[in-house]
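A.B. asks: curious how this folds, go ahead:
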Amino acid sequence: MQIHLSPRHMTLTAAIFSYVCEKVEHLETMTPTIIAAHIVLLHDETKKKRHVVKIHLALPGPDVHAEDAEDDLYAAIDLTIDKLSQQLRKYKTKRTEVKKHKLRVAKEAMKRGLK
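C.D. replies: Predicted coordinates:
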């Protein structure tokens, strides 16, 4: 999986980079079909919630997006990753349910064909 990190109006430290990479790589254990991840870290002094984290995951099929804003950058990263993990669980469940449905329909067709 390719990870693209884009900091806006802030300096990217090694600690932030490793923290984000660790969290995103954890998502790959849930769904190994992730092609790429694009993470944008924004720092805005004019708003109340100063740190905004936007993550875009490229998957085969529809892509997954999440965004969150918090005062603490690490809290914003954690909440965005939590949102993505929920979406990936839902994505994975849908895929397995479709496979089960297709298998069930094929078995019923075979039973009808044998009778």
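
A.B. asks: could you name the helices and strands sitting against the helix or strand hosting Gln86?
C.D. replies: Using DSSP states H and E, the element containing Gln86 is helix 73-114. Other elements packing on helix 73-114 under the criterion 3 or more C-beta pairs under 8 Å, 6 or more residues apart in numbering; DSSP states H and E are helix 14-30, strand 51-58, strand 64-70. C-beta: built from backbone N, CA, C; applies to glycine.

A.B. asks: tell me which of these sits most buried.
C.D. replies: Sort the helices and strands packed on helix 73-114 by mean neighbour count, taking mean count of other C-beta atoms under 10 Å, and strand 51-58 sits at the top with a mean of 20.

A.B. asks: sheet-wise, list the partners of it with their directions.
C.D. replies: Next to strand 51-58 in the sheet, as set by DSSP bridges, lie strand 36-43 (antiparallel), strand 64-70 (antiparallel).

A.B. asks: quick one, that strand and helix 14-30 angle?
C.D. replies: Put simply, strand 51-58 runs at 40 degrees to helix 14-30, going by axes from the mean of the first three to the mean of the last three C-alpha atoms, to 10 degrees.

A.B. asks: the strands paired with strand 51-58: which one's closest to Arg112?
C.D. replies: Between Arg112 and those, the shortest separation by C-beta to C-beta is 38.4 Å, and it involves strand 64-70.

A.B. asks: can you tell me what sits against that closest one?
C.D. replies: Strand 64-70 has contacts (C-beta atoms under 8 Å, 6 or more residues apart in numbering) with 47, 49, 51-57, 76, 79-81, 83-84, 87-88, 91.

A.B. asks: same thing but at 10 Å, please
C.D. replies: If you take C-beta atoms under 10 Å, 6 or more residues apart in numbering as the criterion, strand 64-70 is touched by 27, 31, 34, 37-38, 40, 42, 44, 47-58, 75-88, 90-91.
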